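1. using only what follows, build the 3D model:
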Amino acid sequence: MTFPVIKAAGYILVHAPNIMMEHGTTITMERKNNPDSNYLQKTIKSIRTFEEAVNYAPNQVYIGNLTPQELQEVPRPWYQNLLAQGREGKYGDIIPENEFYAVMKIADSFQLVELEQEFAARIKNTLAAKKLFHVKQLDLLDKTSERKHIEELISSGKADGLYENNQLVGCVRQAHESDPNLSTHVVFENLVAKASGVLALKNLVSKNNLDANLIDYIIETSEEAIGDMNQRGGGNLAKAIGEIAECNNATGVDMRAFCAGPAHGILSAAALVQSGIFKNVVVMAGGSSAKLGMNSRDHVNKEMPVLEDMVGGYAVLISENDGQNPVVRTDIVGKHKISSGSSPQAVIQAIVVDPLERNNLKLTDVDVYAPELQNAEITAPAGAGDVPLANYKMIGAMAVKRGEISREELPQFATRHGVTGFAPTQGHIPSGVPLLGHIRDSILAGKMQRAMIIGKGSLFLGRMTDLFDGISFIIEGNAGVIGPTRDTGNGEEFKQEIRNLLADAIQELARSVAGR
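-> Residues are numbered from 1 along each chain as shown. This next block holds a predicted model:
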């Protein structure tokens with residue numbers, strides 16, 4: 001069997017403090033219910049600068065300037081022990097908010113983003129120097145609006161503002177006067193997901209010297225619902241993002257599964273490639289403005305900076321086997337069945353233990369597990385603890401139960417088979433995929449042979465079921481043997497090889513019968 005490969009990975013982070021203050025659900029709900037609260041005042045004073053966000057060690061791991069192992073050596077708290085690093089990384093970049101507004105304008109297909117003239121001209125020059133967007137896209141920034149017009153749209157409730165250093169520089173307008181699914185808030189949220197997705201896909205292409213025209217299919221796995229009052233979640237962000245990223249030969253689809261979406265998307269991409277339907281499939285997602293500042297109340301109460309100020313994005317290219325890149329073992333897949341149960345032990349049994357057991361593998365045969373990789377410096381102050389470590393402890397406990405390690409070895413299991421969490425708490429973003437770039441590099445360097453990506457999803461959040469969700473798959477080093485995934489009509493050598501094998505088998509069978 002010829003497995004598809006992880007050919008490339010790209011990541012993006014956007015420092016978005018003003019978007020957090022205007023659209024983060026925790027903060028906006030507080031402003032609605034208690035506009036004069038002490039918490040809001042503390043939050044404003046606890047916002048990080050762009051430089052502080054760039055030099056924050058977990059963010060540097062996310063874009064590839066630091067490995068997860070090197071993160072363990074950085075003294076904690078990380079927000080007090082900043083590094084001297086740049087905004088550009090091996091896998092992607094960290095973008096300031098003002099540049100992101102310009103990308104939102106470029107990604108806007110219906111002239112819903114309006115920017116003030118002086119601001120747009122200044123940011124256009126900045127983006128032009130980075131050469132990520134072509135001239136015609138940059139020229140969209142020349143379509144500007146007067147500040148007075150922007151102020152009138154906001155005061156009338158028809159738009160939400162875009163701010164730089166507390167100064168109004170633009171707005172996002174509603175797309176329909178009476179459709180709640182095309183309201184200013186929803187359009188803003190969807191444009192954040194689209195624009196950050198565009199940046200992730202652009203970084204995937206540019207950082208890996210790829211030809212965007214070779215991408216056949218795009219699977220978008222964020223958590224936003226794109227549609228109007230007649231089909232609230234109809235989609236399609238995948239094609240919308242692919243259009244701006246100039247993937248001109250691609251089509252695509254949105255795939256939604258809460259936090260497990262990326263893992264479902266990668267498995268679907270692997271199946272499409274392995275079947276021969278498509279050669280190059282990108283699985284990607286932009287970030288979520290709603291999830292900015294989710295734990296900010298606990299951060300400011302503990303006199304910490306607000307660390308949930310980053311919009312995340314990722315993009316992964318799944319391609320036909322090239323004999324070199326790590327393969328996705330589509331025959332080793334774990335799934336949380338409807339009947340699996342929702343206890344932590346039942347979940348780990350279904351998505352981690354069962355697929356390994358079916359393939360005669362031990363839990364210790366997996367070099368690294370990539371479950372929910374949330375940064376514990378964000379989650380622990382809110383009482384959620386160290387989420388990755390909790391997963392590793394559960395997997396280790398299962399290994400003890402199965403007699404694969406002794407009880408005394410349990411404390412070392414997380415160190416040997418896990419990594420320190422470093423991903424922003426953007427829902428779908430932390431669920432395994434942030435480690436794919438590092439895993440790929442480690443396998444190619446011969447430092448690792450096998451890793452497991454674990455996606456989990458909270459299906460009960462939609463109030464349609466109380467079920468949990470989870471899915472996993474294995475990534476392994478490439479054996480270097482390439483077989484065709486499909487008959488292209490020109491595979492005469494392959495056809496002849498099959499004929500030869502059949503002839504040999506017939507002769508062997510004849511000899512066996514004659515010898516009886």
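2. contacts and neighbour counts: CA atoms only from here.
-> Fine.
3. grab the nearest non-local neighbour of residue 21.
-> Ranked by C-alpha to C-alpha, 6 or more residues apart in numbering and with sequence neighbours excluded, the top spatial neighbour of residue 21 is residue 27, at 6.2 Å.
4. so what's residue 422 up against?
-> Applying C-alpha atoms under 8 Å, 6 or more residues apart in numbering to residue 422 gives the contacts 58-59, 61-62, 68, 373-376.
5. for it, give me the pLDDT.
-> For residue 422, the pLDDT comes out at 98.
6. burial of the nearest residue to residue 67 once chain neighbours are set aside, as a residue count?
-> Distance criterion C-alpha to C-alpha, 6+ apart; nearest residue to residue 67, sequence neighbours excluded, is residue 61 at 5.6 Å. When neighbours are counted by other C-alpha atoms under 10 Å, residue 61 registers 24.
7. how close does residue 61 get to residue 423?
-> Distance, residue 61 to residue 423, using C-alpha to C-alpha, to the nearest Å: 8 Å.
8. how about residue 234?
-> Distance, residue 234 to residue 423, by C-alpha to C-alpha: 29 Å.
9. looking at the contacts of residue 422, which is nearest residue 281?
-> Nearest to residue 281 among those: residue 62, at 22.1 Å, using C-alpha to C-alpha.
10. tell me which residues touch that closest one, please.
-> Contacts of residue 62 (C-alpha under 8 Å, 6+ apart): 11, 422-423, 434.
11. isn't the residue nearest to residue 67 up against residue 72?
-> No: at 10.8 Å, residue 61 does not count as touching residue 72 under the criterion of C-alpha atoms under 8 Å.
12. residues near residue 42, how many?
-> Applying other C-alpha under 10 Å, we find 18 residues neighbouring residue 42.
13. what helix or strand is it located in?
-> Per DSSP states H and E: residue 42 is located in helix 38-45.
14. what are the buried residues along that helix?
-> For helix 38-45, the neighbour count (16 or more other C-alpha atoms under 10 Å) marks 39-40, 42-43 as buried.
15. returning to what we had before: and the gap between the residue nearest to residue 67 and residue 90?
-> To residue 90, residue 61 is 10 Å away according to C-alpha to C-alpha.
16. swap in residue 103?
-> Taking C-alpha to C-alpha, one finds residue 103 at 21 Å from residue 90.
17. those two - which one has more neighbours?
-> Set residue 103 next to residue 90 and count neighbours by other C-alpha under 10 Å: residue 103 wins out with 26 against 19.
18. excluding chain neighbours, what is closest to the more buried one?
-> In space, residue 103 is closest to residue 195, 5.9 Å off (C-alpha to C-alpha, 6+ apart).
19. tell me the pLDDT at the one you found?
-> At residue 195, the predicted lDDT confidence score is 98.
20. tell me which element it is part of?
-> Element membership for residue 195, per DSSP H and E: helix 184-207.
21. show me what contacts the residue nearest to residue 21?
-> By C-alpha under 8 Å, 6+ apart, the contact set of residue 27 is 20-21, 40, 293-294.
22. end-to-end on stretch 379-387?
-> The first and final residues of stretch 379-387 sit 8 Å from each other (C-alpha to C-alpha).
23. how about that stretch: buried residues?
-> Those would be 379, 381-382, 386-387, for stretch 379-387 by 16+ other C-alpha under 10 Å.
24. ok, then the element right after the helix holding residue 195?
-> Later in the chain than helix 184-207, the nearest helix or strand by DSSP H and E is strand 217-220.
25. contacts for that next one next, please.
-> Where contact means C-alpha under 8 Å, 6+ apart, the residues beyond strand 217-220 that reach it are 237-239, 242, 250-255, 265, 269, 278, 280-285.
26. hmm, try it at 7 Å
-> Residues outside strand 217-220 that contact it (C-alpha atoms under 7 Å, 6 or more residues apart in numbering): 237-238, 250-255, 265, 280-285.
27. which one of those is nearest residue 112?
-> Using C-alpha to C-alpha, residue 237 is the member of these that sits closest to residue 112, with 16.4 Å.
28. pLDDT score for the closest one?
-> pLDDT for residue 237: 97.
29. before we move on, what about residue 342?
-> Reported pLDDT at residue 342 in the predicted model: 87.
30. how about residue 280?
-> 98.
31. can you count the residues close to the residue lying closest to it once chain neighbours are set aside?
-> Nearest non-adjacent residue to residue 280, counting by C-alpha to C-alpha, 6+ apart: residue 319, 4.5 Å away. Using other C-alpha under 10 Å, residue 319 is surrounded by 26 other residues.
32. ok, residue 319 to residue 276 distance?
-> 10 Å.
33. measure stretch 304-322 end to end?
-> Chord length of stretch 304-322, first to last residue, is 47 Å (C-alpha to C-alpha).
34. chain center to that stretch: distance?
-> Mean-position distance between stretch 304-322 and its chain equals 4 Å (C-alpha atoms, centre = their mean, to the nearest Å).
35. so for it, mean pLDDT?
-> Averaging pLDDT along stretch 304-322 yields 98.
36. one more: stretch 26-33?
-> Stretch 26-33 shows a mean pLDDT of 96.
37. do stretch 479-496 as well
-> For stretch 479-496, mean pLDDT is 57.
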